[in-house]
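Peer 1: What shape does this take:
(one chain, ligands or ions: 1)
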Amino acid sequence: MFQEATAEDRRKYYTMEWKIERIPDFIRESIHLREFGFDHTGQGPNDRYRFFRDEKFLTKFMKYRAPYAAYSSVALYDRPWKREGWRSSELVFDVDAKDIPVRQCKCDNVCEKCLDQAKEIVAMIIDTLEDDLGLREIHVIYSGRGYHIRVLDPIILKSDSEVRSQILKYVIGGDIPRFSYTDFEGRVRSLDHFMVPLGYPRVFTERSRYIILHLNGDEKIEDITRQTMNKILEYRDLIGADRWGEFRDIIGPRVYERLIKGIAKLNLQLVDARVTVDLKRILRLPSSLHSKVSMICTHVEDLESFDPLRDAVPDFVKEKS
Ligand SMILES: [Zn+2]
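Peer 2: This next block holds a predicted model:
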């Protein structure tokens, strides 16, 4: 498992197993509006600005070239061969199992455990996109080393990088929510994030809970010493039980403030922000082979039941084992 594919493996995959039908409809119906990119040697996608008039041309290319990696743009263009005439871009969140800030597994590539963790994070983000932001037409792609969430809701297709960056911060809990308000007697009061069970404070609290419960203790958090970290780990069950106030009293309000600042920074690393704000990004093409790990980039129909080790393994790997 997870070994690099040889040229022979690739050839086998693209001639015998790959089918255009494995590309999800939202891409198939707009092939002629997307830029395609390819990596033929394993050095990165150097062959860009590719354009295919229809499925037939793309099929021919894939079968004949058996690329090391294939990508298509998240954007639609009038002239994709020049990346001109931009029409819209999907909103994308890239969760790479290798880059999870509180990785539970110490392996140097990815494994079942890392991929499970990535899936958990993806499920949390999708809940927020749907329930809090009311977004629809959300697709999940297993990339080979993690997941891409691709949102095609018409309401965000034309939004710029700034808006996308704000949405990103919302769904991953990148900003500490601060509340001060004036009560009915005119006194200024403040509320902690965990006191508000709704909206953004709830998202922030949930992401922070996830991070704190998954800390290994090796993470570097500014102004948090090893000793303090041990105390956090010792008492974090309180957070698991939603007893944030008690937890804060035990570790001390000042340490708590430093911790929360650090956690917000870790939250930001749940998703690769560069991908979300880039309107002209190319993403691994669903159906194509991730040759570095010999897995199929796969459109996920049902996230809960999806198992990459069952659903994204090419025949040539099954034959070898
Ligand atoms: Zn692992």
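Peer 1: hmm, which helix or strand of the chain has the shakiest average pLDDT?
Peer 2: None of the helices or strands of the chain scores lower by mean pLDDT, DSSP states H and E than strand 179-182, at a mean of 82.
Peer 1: what secondary structure does Glu246 sit in?
Peer 2: helix (DSSP: H, G, I helix; E, B strand; the rest coil).
Peer 1: where does it sit relative to Leu133, distance-wise?
Peer 2: The gap separating Glu246 from Leu133 is 32 Å, by CB to CB, to the nearest Å. Bear in mind the C-beta positions are built from the backbone N, C-alpha and C, glycine included.
Peer 1: Between the two, which is the more surrounded one?
Peer 2: Leu133 (16 against 13; other CB atoms under 10 Å).
Peer 1: Quick check: the more buried one touching Gln166?
Peer 2: No: judged on CB atoms under 8 Å, Leu133 makes no contact with Gln166 at a distance of 10.8 Å.
Peer 1: What's the per-residue pLDDT of the residue of the chain most remote from its centre here?
Peer 2: In terms of distance from the mean C-alpha position of the chain, Glu185 ranks first, at 45.6 Å (CA atoms, centre = their mean). Glu185 carries a pLDDT score of 90 in this model.
Peer 1: That one in helix, strand or coil?
Peer 2: coil.
Peer 1: tell me the helices in this structure, going along the chain?
Peer 2: Taking DSSP state H as the test, the helices found in the chain are 7-12, 25-28, 55-65, 112-127, 161-172, 199-213, 226-235, 237-240, 244-251, 253-268, 273-277, 308-311, 315-320.
Peer 1: right, and these - which one's nearest the ion?
Peer 2: helix 112-127 (3.6 Å; CB to the ion).
Peer 1: Can you give me the buried ones in the closest one?
Peer 2: 114-115, 117-119, 121-122, 124-126 (16 or more other CB atoms under 10 Å).
Peer 1: So what's the residue count around Ala70?
Peer 2: Neighbours of Ala70 under the rule other CB under 10 Å: 30.
Peer 1: Contact partners for it?
Peer 2: 36-39, 62, 284-285, 288-289 (CB atoms under 8 Å, 6 or more residues apart in numbering).
Peer 1: make it 6 Å
Peer 2: 38, 285, 288 (CB atoms under 6 Å, 6 or more residues apart in numbering).
Peer 1: I'd like the distance between the residue nearest to Asp183 when sequence neighbours are not counted and Glu206.
Peer 2: Spatial nearest neighbour of Asp183, excluding adjacent residues (CB to CB, 6 or more residues apart in numbering): Arg189 at 5.4 Å. Look at Arg189 and Glu206: by CB to CB, they are 24 Å apart.
Peer 1: Which one's more surrounded, these two?
Peer 2: Shown here are Arg189 and Glu206; by other CB under 10 Å, Glu206 has more neighbours (15 against 10).
Peer 1: any idea how far Ile172 is from the residue lying closest to the more buried one once chain neighbours are set aside?
Peer 2: Excluding the flanking residues, the one nearest Glu206 by CB to CB, 6+ apart is Met124, at 6.9 Å. Met124 sits 9 Å away from Ile172 when distances are taken as CB to CB.
Peer 1: what comes into contact with stretch 176-186?
Peer 2: For stretch 176-186, the surrounding residues in contact (CB under 6 Å, 6+ apart) are 188-191, 193, 200-201, 204, 260, 264.
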